[in-house]
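K.L.:
Everything below, folded, please.
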Amino acid sequence: MSKLVATFALALGLSCAVAEPILAQSTSPTQGVTTPDMRRRTTVREFDAGLAERRMDGAITPAEMYRQATTIAQCVVRRGGDKAATYLGGQLLGDPDYQRLYDVLTGRLRNCANSVAAASAVAISGALAEQLLTARSPHFEDRAVAVDADDARHFYGDLSGPVTYDNVAGCLAVHSPGLTYKVLGAEVGSAEETAALDALYRETPECRMSAPPSGISALTQRATLAGALYKWSTPAS
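P.N.:
As a prediction, this is how the structure comes out:
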């Protein structure tokens, strides 16, 4: 077992719970949060137990994190073939602990993770969704022309009370698919990405936010948006 895979096992074993705080509590309009409580219903596990601490020290930048996640995702797409999409994590697929992603990267596709130092589960899942989306060369209108209210509500839930960021990302992908895709087309951590995120929230009033939440990193937003857009735009098989 490689050192990296051993680290995965340490971080994501049966007793594992290395949580990345993804919380935006404020309801201040200046922060863009208009819902009372926006957090994940469960913790997001990290593949590397020391990753959160190293990020705090600035040792891993968002751009480097996503570069590593993309390297893994490209390998998963190449080697996973038709099954690649089944490894996406996230609550919109009812997989809050990213278990399928962990299983495949410590099992059949473990070599996909051997060449990189560390990447979080949410970053890898988001990068995988981006790879799957761009492979289709999709075209999305900035704003959805018509949305079935029942289908939308089933996909991203009720936004009238406490919501998670998965709910918000799902809403943004449904009502502004093209604006969401423009976020993914920008370089990670760039001014272009910041501007694309700002436009996405500003132009999507259905999601009850006027600006990106200050308590959730741009990388986490991007990754979750990627997963939501892929899931919404991909017909169920």
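K.L.:
What residue spans form the domains of this structure?
P.N.:
What automatic domain parsing lists as the domains of the chain is 3-27+42-134, 149-233.
K.L.:
mind putting these in a markdown table, mean neighbour count and mean pLDDT included?
P.N.:
For glycine as for every other residue, the C-beta is placed from the backbone atoms N, C-alpha and C. Formatted as a markdown table, those follow (neighbours: other CB atoms under 10 Å; pLDDT from 0 to 100):
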| stretch | mean neighbour count | mean pLDDT |
| --- | --- | --- |
| domain 3-27+42-134 | 18 | 68 |
| domain 149-233 | 20 | 94 |
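K.L.:
With respect to residue 143, which of the ones you listed lies nearest?
P.N.:
Evaluated over these, closeness to residue 143 peaks at domain 149-233, with 5.5 Å, by CB to CB.
K.L.:
mind checking how far the closest one is from the chain centre?
P.N.:
Mean-position distance between domain 149-233 and its chain equals 10 Å (CA atoms, centre = their mean, to the nearest Å).
K.L.:
can you check stretch 144-162 too?
P.N.:
Distance of stretch 144-162 from the chain centroid (CA atoms, centre = their mean) equals 19 Å.
K.L.:
Show the end-to-end separation of it, please.
P.N.:
Length of stretch 144-162, first residue to last, CA to CA, to the nearest Å: 25 Å.
K.L.:
hmm, who's touching stretch 77-95?
P.N.:
The contact list for stretch 77-95, computed with CB atoms under 8 Å, 6 or more residues apart in numbering, reads 40-42, 76, 96-101, 104, 109, 112, 121-122, 125, 128-129, 131-132, 135, 155-156, 164, 166, 169-170, 224, 227-228, 230-231, 234.
K.L.:
wait, stretch 126-133
P.N.:
With CB under 8 Å, 6+ apart as the test, stretch 126-133 has contacts from 66, 69-70, 72-74, 76-77, 84-85, 87-88, 119, 181, 184, 219, 222-227, 229-231, 233-234.
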